[in-house]
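Q: Could you look at this predicted model? Sequence included:
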Amino acid sequence: MDFQIHYTEEQERFRKGVRAWLEANITEEMRTPVDGRDLDDEQYEKRHYLWKGKQMELAAKGWLAPTMPKQYGGGGLTGEHETILQEEFARQHVPFGNPGGFLTPALLVWATEAQKQKFLTPILKAEKSSSQGFSEAQSGSDLASIRSTAVRDGDDWIINGGKVFQGNSPDNTWIYGPIMTDPDAPRHRNLGFFMIPARAPGVTFLRTKTINGNRQNLLFYDNVRVPGDHLIGGDHQGWQVANTSLEQEHGGRGQAFPRDENADNLIAYMQSVKGKENGEGDIHRQDAMKAYIDAHLNTLFAQRNFSMYMARQEMSYHGSQATMWYKIYAIENAERVRHIMKLHAMLGTREPLAPFGGRMEAEQRRSLTWAHPGGTIEVQKVIVARRIGISRTQERAAPTPATATTHIS
């Protein structure tokens, strides 16, 4: 079986254009840092705004959200074009991806036309930005147990409560996510999905330190007034809207060009002088090959899902299967790296002897933290079990832009 992607002449010309633009426009300050902890607030904001300007240029070219519909600010391009873009951006160590993240599928499926123009279009054009507000202190893995409340006040809603693991870029416009609208309604029918203005009176962010170096916050809502047209879907449909978003976060859209730089670096280390000195034993060679094989299995899962999504095929367990595999193998590969590279694997970016500029140490921390976002390993197992029919309860995948043909009301 041939797993190689074969590009047409037109697609290769497109690649040359992308590569030329990146070489002409990307500076060192825009590249993704090996360790986010190395940037102070001033450096972080400078990088953010430098990249923000380039995002607007990319949006105008149709490259920022390449497969999103043109009428909302996307590129209207093919999956092959997205694959090329992701390949070239990864080689330059600059971020690539839909600026709306996991929000855009929910807006495409559930928002009214007026809401798409109000929220989706400026996000896809990089004019405005959003961040996810899902997890709460008591409801991370059990997302349905949200306690933050939204109470009607005329045409508006008054929101109280809080979130954890909250991003907050310097110019963030909205925080999106489910909030309880009816405490007396049954579970999964008691939520609304809101676009909450990030700078509204009563919204407070409190910075927290995280092991992976990301800038995350505790978020507090204190009588935050939100206009009625910021509710996406019905006032009891928040769980359904959120699950359209979660289908993508759980891996249901796949990835055009997944890259495991950690596994590639491990193989390069084994081929180096240090690797030959430390890895002469068969056990080290076997561990390195297991890491390499597991990384390529992750690539196949991700590309399979991306292909199915682009072909608008119905998906079931596929996303959570891929995400579960990634979360498990990332932790196992981090252990293999420690076993082979020993203390060299724990040298950070500021250590002159750190292999690969300290990337291996940063990946040690990331492998642990990625076991949680988008649902833990146990959550993914439950989803897979329900969708292949071996659980006490069964479920189908939520509608996504690939499977829904019209707005759901």
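A: Thanks, I have the structure now. Small disclaimer: the values here were computed from a predicted structure and weren't measured. Numbering: from 1, shown residues only.

Q: Where do the domain boundaries of the chain fall?
A: Annotated domains of the chain cover 11-97, 130-241, 250-388 [automatic domain parsing].

Q: Now do the contacts for Gly140.
A: For Gly140, the contact set (Cβ atoms under 8 Å, 6 or more residues apart in numbering) comprises 164-165, 372. Backbone N, C-alpha and C define where each C-beta goes, glycine included.

Q: just for this protein, where's the confidence low?
A: 1-4, 213, 275-280, 405-409 (pLDDT under 70).

Q: Which stretches in the stretch 251-400 of the chain count as helices?
A: Using DSSP state H, counting those that start in this stretch, the helices found in the stretch 251-400 of the chain span residues 261-271, 273-278, 282-310, 318-341, 359-369, 377-388.

Q: just so I know, which of those helices lies nearest Phe102?
A: Comparing those by their distance to Phe102 (Cβ to Cβ), the top pick is helix 318-341, with 11.9 Å.

Q: Okay, buried residues for the closest one please.
A: Buried residues in helix 318-341, counted by 16 or more other Cβ atoms under 10 Å: 318-327, 329-330, 333-334, 336-337, 340-341.

Q: helices and strands around it, which ones?
A: Under the contact criterion of 3 or more Cβ pairs under 8 Å, 6 or more residues apart in numbering; DSSP states H and E, helix 318-341 touches helix 261-271, helix 273-278, helix 282-310, helix 359-369, helix 377-388.

Q: Just want the angle from that helix to helix 282-310.
A: 160 degrees (axes from the mean of the first three to the mean of the last three Cα atoms, to 10 degrees).

Q: Please state the offset of helix 318-341 from the chain centre?
A: 17 Å (Cα atoms, centre = their mean, to the nearest Å).

Q: Surely Gln92 touches Leu22?
A: Yes - between Gln92 and Leu22 there is a contact under Cβ atoms under 8 Å: 5.0 Å.

Q: give me phi/psi at Leu206?
A: Backbone torsions of Leu206, given as degrees, to the nearest 10, read phi -130, psi 110.

Q: Is it correct that it is in contact with Leu218?
A: Yes - using Cβ under 8 Å, Leu206 is in contact with Leu218, at 4.3 Å.

Q: now, which of the contacts of Gly140 lie within strands?
A: Cross-referencing the contacts of Gly140 against strands under DSSP state E gives 164-165.

Q: tell me the contacts of Arg47?
A: Contacts of Arg47 (Cβ under 8 Å, 6+ apart): 29-30, 39.

Q: circling back to that earlier point, CSV please, covering the domains of the chain and showing distance to Thr121.
A: As requested, those are exported to CSV (distance: least, Cβ to Cβ, whole Å):
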stretch, distance to Thr121
domain 11-97, 5
domain 130-241, 13
domain 250-388, 20
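
Q: Any idea which of those gets closest to Leu124?
A: Of all those, domain 11-97 comes closest under Cβ to Cβ, at 3.4 Å.

Q: chain center to that closest one: distance?
A: On Cα atoms, centre = their mean, the centre of domain 11-97 falls 15 Å from the chain's centre.

Q: same check, this time on stretch 7-16
A: 27 Å.

Q: Tell me the buried residues in that stretch?
A: Neighbour-count burial for stretch 7-16 [16+ other Cβ under 10 Å]: 14-15.

Q: I'd like the helices of the stretch 251-400 of the chain as JSON lines, with distance to Ala106 appended.
A: Shown next, in JSON lines, are the helices of the stretch 251-400 of the chain (distance: least, Cβ to Cβ, whole Å):
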{"stretch": "helix 261-271", "distance to Ala106": "30"}
{"stretch": "helix 273-278", "distance to Ala106": "46"}
{"stretch": "helix 282-310", "distance to Ala106": "15"}
{"stretch": "helix 318-341", "distance to Ala106": "15"}
{"stretch": "helix 359-369", "distance to Ala106": "24"}
{"stretch": "helix 377-388", "distance to Ala106": "18"}
